[in-house]
Each structure stands twice: as structure tokens, then as C-alpha cells.
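Enquirer: sequence and predicted structure are below.
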Amino acid sequence: MLSMLLAHLAAALLGPWLVRTMGRNAFYPLALVPAGSAIWLATIDPRALAAAPVEVSVPWIPAFGVDLALRLDPLSWVMALIATGIGAIVLLYCARYFSDTEPGLGRFAGVLTAFAGAMLGLVLADDAMVLFTFWELTTVFSYLLIGHYQDKQASRRAAMNALVSTTAGGLSMLVGLLMMASSAGSMRLSDIVADPMWAQADPFLITAMLLVLVGALSKSAIVPTHFWLPGAMAAPTPVSAYLHAAAMVKAGVYLILRSAPALSHLEAISILLAVLGAATMLLGGWRALRQTDIKLLLAYGTVSQLGFLTAISGLATEDAVLAGISMLLAHAVFKAPLFMVVGIIDKKFGTRDLRVLQDVGRVAPVVALIGTVSAASMAAIPPLFGFVAKEALYSALWYGETWHRILLIALVAGSVLTVAYSWRFVKGAFGPAPGAPPLPRPTIPVLFWAPPAAVAVLSIALVAVLGPLEEVLRGVSAGLPPSEEGIHLVVLPHLGVPLLASAVTLGTGALLASRMRWLNTLQKRVSPQRWAREELQDWLDAERLFRKLMRATDLLAIAVTPLFQRGSLPYTLGTMLLVLIALVGPVALVGAPVPDNLVLMQHPIELLVLPVVALAAIGAARSRRRLRAVFLISVTGYGIALLFLVAGAPDVATTQVLVETAMTVVLVLVLRRLPLHFSRRPLRIGAWGRWGIAISTAVVLCGAVLYAADARSTDPLGPSLIEPAYEIGGGHNVVNVALVDARVWDTMGEISVLLVVATGVASLIFVTRREQGISRVRDLSERPSIWRRRADPALPQNALDFDARPDEVAGGNRWRTWLSAGLTLAPERRMVILEVVTRIAFPMTMMFSLYLLMAGHNHPGGGFAGGLVAGLALALRYIAGGRYELSEAMPVQAGFVLGTGMAIAVAAGVLPLLFGGTIFATATPVVDVPLLGELHFPSALLFDLGVYLVVVGVMLDFLRSLGAQIDQHQEADLDAR
């Protein structure tokens, strides 16, 4: 199962490249991935899964009991088969739906394939956090797919509506899942829903279930969040065919079915689901009858059908779940081809308006046959599978409890509307349109109509295997409360009320379809737009109410934000510190006055260091010159590093010194474009206020640290890590082993943040392209004017000559420099001593950085420290020789270094999986090298190398954006003068 998800991930990453190489035909190889998954699933006997589900579990976050747990049981088998099978068909359909010139086709191919993988992961997930992860991935991917046409406002708005609505529900679901997991003592969904605690559910559990169902209902577009689904029609039609038939909107129904063992004990919640589902079915069907766009008609039909599925699935009885999963399967096999038929009509006839579609059935009889059969199954006309599923549903309700029969009346009314809009679709899409102009008579290739035909034929074929199919689907409902009279999937039902209900549905629906003109008049008369005031219309229309809520949120943000975010850094920082003081100060005042185990001093050197640090901090706060403040702040940092060293933490001290040095370099680069002095503060009250905030913050933070240290209730972990660090991690340096092995996920998060910071620096400082060409010295034809001389004193001609050609071309008397790009600087800007020192120190510093990288597992150092040393070496080259010298030292893009480092770090985590291990599993191979003896190469060294490159990339990005680009701006300023 894990291999299926990895295959979808790989295909999604390859999708854009395949489209660039093969054009729209790239969808054919991409379809092989979900098709292969569907074939593998089809080889598994689902009846055996009921007794022995297939489970795969890989430790993910063991400290919190979170595993990458996947479970294949009858329910997930059915849902996965739908997601992969129809996913493969939709990808095949895309190959003829799009043209090679479709904008963003490569991105679309990758996202759609990833979306199919996310849906597959969602239905296979057995861990609550894994389920939530895939749940939100489907939300993000659907947002990208719905907003595919980025130049259309309707697409952007529809994508945002779907994102906000489903994300809010997803966060609610997360809270509910965590509450359930806490009560059940397990993160596994299979354990949570089967726990005996539901038999005597308390308000805590009921609240948790309601929160989970909020996520399910918003995902499946149930009232009042139904409005986002019709808006999603702004997406390309293949997205609609997949999203509506097999993917995202079915996720909510799936979660309700998955929760059935727990819901069977919560009748009140079942009633709530039945009411919301019936209301959604009636509303969706009523709105579908008003649509003239056949795609929008089907969208509202999907809303109606989702309400139908929610109402029956929420009953959580054996018969209801069997009928619900049957109806879900029927909906998948008739709704996907209907949308694909609409896509064919739209592409070949240029319109989806049923008022102007003229005799499409005569021009394209095969397409009309596919659409008619699928619409007939949607209307539950016998002997199609849609009729079989709906008859089973009616039977489950009639033979259920008393209130189930009341629900049956509402669902029959909704089904009448289904019959009416199904006929409206068939007549409008394929029948004559009196008064409409003639349409073109295009040729429809076989490969265009074959995918919907392959799915539509299942509405007929499934009827031939009802016996085995019922046996498979009963595995989904096994263990739920049985009904007095069990139902069956049959094409010829017994005489009774359910069959009568089906006859009433078809007869009344046909009558309603024949009185469509009268129905349209009735709808206009009862529409709130006719009789309600504007304010009341906002409350009756869910989409308008949602937009009103979003506008109110924007207005509230506009009103509140200026109170705290005024564009003033001192004001913003002061506000944050005041909140900190207000929250922590009172707690500290009511606590113990001084910890009993307070140690005033560990080493006499603290008596010298602490006053220096304090005076430097006060001096930095009082300094009027920015550069002086930067150097004084650096003094505080170096002082703290000395305290770390005294306390016996050489690793932390080394890192502190290197970070402080790098920050000083970066700040000095920034200061070149800032005024020399800070702005004056004329009001003394402002100065006293700032001093008060600063001193209060210092007191609060110091007190909080003291109390936190005094609150220790267990022994420190440090001593217990020494032995495991060597035995498991293969290193004597406990700090480094912890960072790149035991706490590797923390470090992965930190380097990810570094990558994001580096990516944003250039865009925050300069609105330019992220990656620009690197100018090398050999590419220069004449001496560039970098940092020009203000005057032209008499200088030797050879000091002004610039010749980057090799010696055999330029001659032996060419002026030589210590650095490769030394002559790119104006003579008076050069420092020969600095160039000599840099020439000698740079290779030694780089070797030292590699030593720190390689030795960090056993001695002070590591990838982070080594990367900082390498970055400082590059800074030295830049300071000594300018931006061309930086290009000579590192002639690659910063983004390439960052990406390579992150890729290596990720590979260090993934590679153990290929050898049967776990993510970031530890291994320490020993290699016997002549002369050197046995050398140990811990696997964490690969991750440390990734950290090293990420840090080097960050420093290179800072030097390029804050150094080289500022140089260019200053040179442009000189040109302007």
C-alpha cells in the first residue's frame, strides 16, 4: 500500500516533465499509476479482508504514538478501487480533453495525479493524524485544481470558497479526532470507532463526534456549506468528473461510514445527519431544476446525491450501510461519465447551455447513449444499478425504525426531483432546442468517448454480479446493528412498499418533468429574490451569507490591525513585550520568591563576563550610531558564548560564536543602505517608557528561566544520552548525535525554516527574479567600473589594465592579483593586505569547515557549524574582492545549493525505507581503508551534509542579495550622479 502512495508521488513529480516532453499524451503514462493500483486492489479478495484486514505501519512520530498506519478492509477496498479506477479513466480522458497548448498543463497533470494519491491515502489511513494529513492534502490540491484558470475571477473565487469552507471543517475534525484518541487511548481509527466507550458516550465524546462530523459535512458539501461545490464547476471538466464522482466530496461520506460503529450508539446524531442530508437532497434537486448550464445542473445534482448518501449512511445500521455503500458505488459509475459527456459537448459544440444545444443526440449518438444510460441510472430506472441501489435504500428505511420511515418520505420527494432533473439533462443535452441556431457537426474521436463509456457500462455490468457484489459490500456493514428483515441487492424486488415508493418516484418525477414550464414559473414565484428584502436574501442564500461573513472578517481585520501593526518596529516589539510582561509577571509574583536550589555562580570568570555583557547591552540601547549598536550587540553574543564554554558546552559555544559573527556580517551589509544614526526621540517620556519595558522584560524573562529550572521534577536526560549516543548513533558527541539522529525531525524543521528564510530574503529586499545569471571574471571583456574612484590620480597603467585571459594568451608581464577578481575593484578600494590574508586563509577556512562537518559526530562541530564557517569564508572573499570575487569563489546559484542540501537531507530519511528500515533509521557501516585503518561512516553524516549545504546556501543568498545587489544599486546611484 505504501508503494502505491509513493508511485503516485513519483508520478506527480514527473508529470510536468512528461507534459513538456510528450504534450497531452503524457496523461497516458500517468494513468498507468492509478490503473496499476486498481489492478492490484482487484487481485485481493475483499471477503477475506473482513476477517483479516491488511495493515502496514511505519513509525512516524513515536513519541506521540503516531505511525504511518495504513489499513485495507472492505470499506477502504471499495473506496480505494473507486478512487484509483475512476482516477485512471479521468487521466485517460484528459489526454483528449486538453490541447498541447493548454496553459499550465504540466502543473495540472502533476496536481491531478497527486490529488488521486492523496485521496487514496485518505481512504487507506488508519492513524488519525495520517488521515488528517491526507484530508488537508485533498483540500490543497482541490484548491489548485479548481483555480486552474488563474486569469478568471470566477475560478479564483471558487477555489478560495472551497479552501476556506473545507479547511475550517478540517480543523474542527482534527480537534474531534484528538479528543477521541485521548479517550480511546489510541490514534488508530479502527480502535477508536470500535471502542466500547461509545455505548455510554459522555458529553465529551458526543462533542468530539460532532466536531468530526463538521469536517465530514463540509467536505461533502452538506447544508449549510453546500454552496462551494457548484462554484467548483469553474474547474476544468476532468476535475469535476473526478472530484464529484470518486474523490474529495466522497471523503465526508466515507468518514461517516467509517464512524458507523460509533454512530450506531448515538441516535440523536444519526437524526441530525438524516435531517441535514434530506434538506441538502431537496435543496440540491430543487436548484438543479433551475439551471440552464448542464454542468451546473449536474453539480447541484451532486449536492442532492451527497445529501442522499449522508442521510442513509448516518443511520449506521447494517442494512443502511449496505444500501449507502451501494448507492455510493452507483453514484460513482453514473456521475463520472455524465461529467465527461458534458466535457465532450463543451469542447466539440462550444456551449453547455441546454437552451441552444440543438440535436446533439443525432450528431453524436454514441455520446448521447453514454449520457442517457448514466442519467437513467441516476434516475434509478430499472434494471440499471442505480435502481438496484435505490431500491435497497428504500427497503432499509422501510424495514428500519419508525423515524426511518419519515425519512423515507423526504428522500422519496428528493428522488422525484432527481428523476425530473435527470430528464431535464437528457432532453436539454441531446434533444432538440426550438428556435436555437444550428450547431457544428464535429468528429468525436474514439479515445475521447471511450473513457466515459468504460465507466458508464458498469451501470449495466454490475447488475450481472449482484450476488458476489452484495457479499463484498456486506463486509463493510458487518458488525453493525442488524434490522429485523435484512435487505438484498436485487434487480427484481418483491412487491411491497419499497417497490411502490420506487414506482411513485418514477411516476411523479416523469409528471414533474412534463410540467417543467409550470415548475419554472413556480420556482420564480417562490424564489426569495422575488419577495424577500435584500438583507433577508443574504441570510437565505448560503453563498451570499458566506461572502458577507468574509467581508465582515476583512473589515474587522482592517479595524484591528492598525491598532497593533502601525509599520513601526519599536511599537510592534513593545506591544509584544508588554503582553509578555502582563501574562508572565502576575504568575511570577504569586510564586515562590526565590528558588531553593539557586546557584549564584558556577565559575569566577562570570564576575568579569557578566558586567561586560550588561554594559554592552546598555550601550547598544543608548547608542545613536547603528554600526556601534551592532558591534555592542555582538559583544553580548560573544560574552554568552564564553559563558557556554565555561559551563562545559563547547558545541553550543562554537555555534554561538559563528552565528554571532555571521549575523554581524549580515547586519553590516544591511547598514550600508541605512542612515548612520538612529532617529531622535524628542520626548523623554518615550525614552523612559522604552527603558521600563526593557528592564521589565529582562526581569520577567530571568525570573521565568529561574522558575522553570526550579520546576524540574525528573533527572536531566543528558547523562542518560551518553551511552545510547555511542551505541545507537555511533558518535561520542552527544549534542551532534542528538541533533542529526535522535532529534532529527527538529533539525529537519529548522533547515526547512532556513530555506524559506533564504527564499524570502531576496524578494523582501529587491523585487527581482529569484535566480539571475552569475557574472564570472572570464566573461568580462574590459575592466568593469566597480566602486569608481572619485578622482583620477596618476596611476601605473598596469594597475588599470584588466585582462582575464590565461597567461599563454595575455603574456608573462600581465599584472597579477592575489585574488581572481581583484582588478574588478577600483585601485583605491583594494586592500592588498586583506587580499593576501584572504588568499591564505580561505582554503584553510574551507578545510576547517569540512573538518567540522566530518568530525562533528565525535568532536565539537557538525554540519551547522561547518556550514557557518564556509559561509564566513565566502564572506571574506566577498569583502576582499567584491561581487565578482564571490562568483569566483562559488560559481553556482544559491537556490541550487539550498535545493541540493534539502534533497540530501530528505534522502537521508527516505533511503532506509528502501532497505527495509524506518525513516531516518541509524546505521554505522565500517570501512577498512589502507593506512587509515577502520573508518566509521554513520548514516547521520549524510543528513549532516544536507545541513551543511543548506547553511552555505543561506549565507550565499545573503551575500548575493544584501551584498552584491546592494553594490549594483550603489553603482547605479553613482552613475546617476
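Expert: Arrived safely.
Enquirer: can we go C-alpha only for contacts and neighbour counts from here?
Expert: Will do.
Enquirer: if I read this right, Val33 contacts Ala10, doesn't it?
Expert: No. Using CA atoms under 8 Å, Val33 makes no contact with Ala10, being 9.5 Å away.
Enquirer: and Lys347, how close does it get to Pro442?
Expert: Using CA to CA, to the nearest Å, Lys347 is found at 10 Å from Pro442.
Enquirer: elements contacting the helix or strand hosting Val756?
Expert: Using DSSP states H and E, Val756 maps to helix 744-765. In terms of contacts (3 or more CA pairs under 8 Å, 6 or more residues apart in numbering; DSSP states H and E), helix 744-765 is packed against helix 894-914, helix 940-958.
Enquirer: would you turn those into JSON lines with distance to Asp45 and mean neighbour count?
Expert: Supplementary listing: the helices and strands packed on helix 744-765 in JSON lines, determined by distance: least, CA to CA, whole Å; neighbours: other CA atoms under 10 Å:
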{"stretch": "helix 894-914", "distance to Asp45": "28", "mean neighbour count": "19"}
{"stretch": "helix 940-958", "distance to Asp45": "42", "mean neighbour count": "27"}
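Enquirer: out of the ones you listed, nearest to Trp688?
Expert: The closest of the helices and strands packed on helix 744-765 to Trp688 is helix 940-958. By CA to CA, the value is 35.8 Å.
Enquirer: give the other helices and strands that the closest one contacts.
Expert: Looks like helix 940-958 contacts helix 744-765, helix 832-855, helix 863-889, helix 894-914 (3+ CA pairs under 8 Å, 6+ apart).
Enquirer: what's the angle from it to helix 832-855?
Expert: Orientation check (axes from the mean of the first three to the mean of the last three CA atoms, to 10 degrees): helix 940-958 against helix 832-855 gives 150 degrees.
Enquirer: between helix 940-958 and helix 894-914, how big is the angle?
Expert: Between helix 940-958 and helix 894-914, the angle comes out at 160 degrees (the same axes, to 10 degrees).
Enquirer: Val705: how many residues sit nearby?
Expert: By other CA atoms under 10 Å, the residues close to Val705 number 12.
Enquirer: name the next helix or strand following the helix or strand hosting it along the chain.
Expert: For Val705, the host element (DSSP H and E) is helix 684-710. Where DSSP H and E defines the elements, the next helix or strand beyond helix 684-710 is helix 718-727.
Enquirer: same for that following helix, what does it pack against?
Expert: Packing contacts for helix 718-727, counted by 3+ CA pairs under 8 Å, 6+ apart, involve helix 734-737.
Enquirer: ok, and what's touching the helix it packs on?
Expert: Helix 734-737 is contacted from outside by 651, 721-722, 725-726, 729, 731, 856-857, 860-862, 940, using CA atoms under 8 Å, 6 or more residues apart in numbering.
Enquirer: just these now: which is nearest Leu615?
Expert: Distances from Leu615 to the contacts of helix 734-737, taken by CA to CA, are shortest for Asp651, at 26.2 Å.
Enquirer: so that closest one: helix, strand or coil?
Expert: For Asp651, the secondary-structure state derived from DSSP: H, G, I helix; E, B strand; the rest coil is helix.
Enquirer: that one contacts Gly863, correct?
Expert: No. Asp651 lies out of contact with Gly863 (CA under 8 Å); the separation is 11.6 Å.
Enquirer: who has more neighbours out of the two?
Expert: Remark: of Asp651 and Gly863, Gly863 carries more neighbours, 31 against 21, as counted by other CA under 10 Å.
Enquirer: give the contact list for the closest residue to that one other than its chain neighbours.
Expert: Spatial nearest neighbour of Gly863, excluding adjacent residues (CA to CA, 6 or more residues apart in numbering): Tyr948 at 4.3 Å. Contact analysis of Tyr948 by CA under 8 Å, 6+ apart lists Leu853, Gly863, Phe864, Ala865, Gly866, Gly867, Gly901.
Enquirer: repeat that for 7 Å
Expert: Gly863, Phe864, Gly866, Gly867 (CA atoms under 7 Å, 6 or more residues apart in numbering).
Enquirer: and for Ile487?
Expert: Asp319, Ala392, Ser395, Ala396.
Enquirer: the first one against Glu485, yeah?
Expert: Meaning Asp319. No. Asp319 lies out of contact with Glu485 (CA atoms under 7 Å); the separation is 9.0 Å.
Enquirer: what do the two both touch?
Expert: Residues touching both Asp319 and Glu485 (CA under 7 Å, 6+ apart): none.
Enquirer: the two: which has the busier surroundings?
Expert: Ranked by neighbour count (other CA under 10 Å), Asp319 and Glu485 place Asp319 first, with 30 against 12.
Enquirer: can you tell me the closest non-neighbouring residue to that one?
Expert: Nearest non-adjacent residue to Asp319 (CA to CA, 6+ apart): Ala396, at 5.3 Å.
Enquirer: just the buried positions in the helix or strand containing the one you found, please.
Expert: If you go by DSSP H and E, Ala396 is part of helix 385-398. Neighbour counts over helix 385-398 (16 or more other CA atoms under 10 Å) mark 385-398 as buried.
Enquirer: would you reformat those as CSV and include distance to Ala288 and pLDDT?
Expert: Formatted as CSV, the buried residues of helix 385-398 follow (distance: CA to CA, whole Å; pLDDT from 0 to 100):
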residue, distance to Ala288, pLDDT
Phe385, 22, 95
Gly386, 19, 94
Phe387, 20, 95
Val388, 23, 94
Ala389, 22, 94
Lys390, 20, 94
Glu391, 23, 93
Ala392, 25, 93
Leu393, 22, 93
Tyr394, 23, 94
Ser395, 26, 92
Ala396, 27, 92
Leu397, 25, 92
Trp398, 27, 91
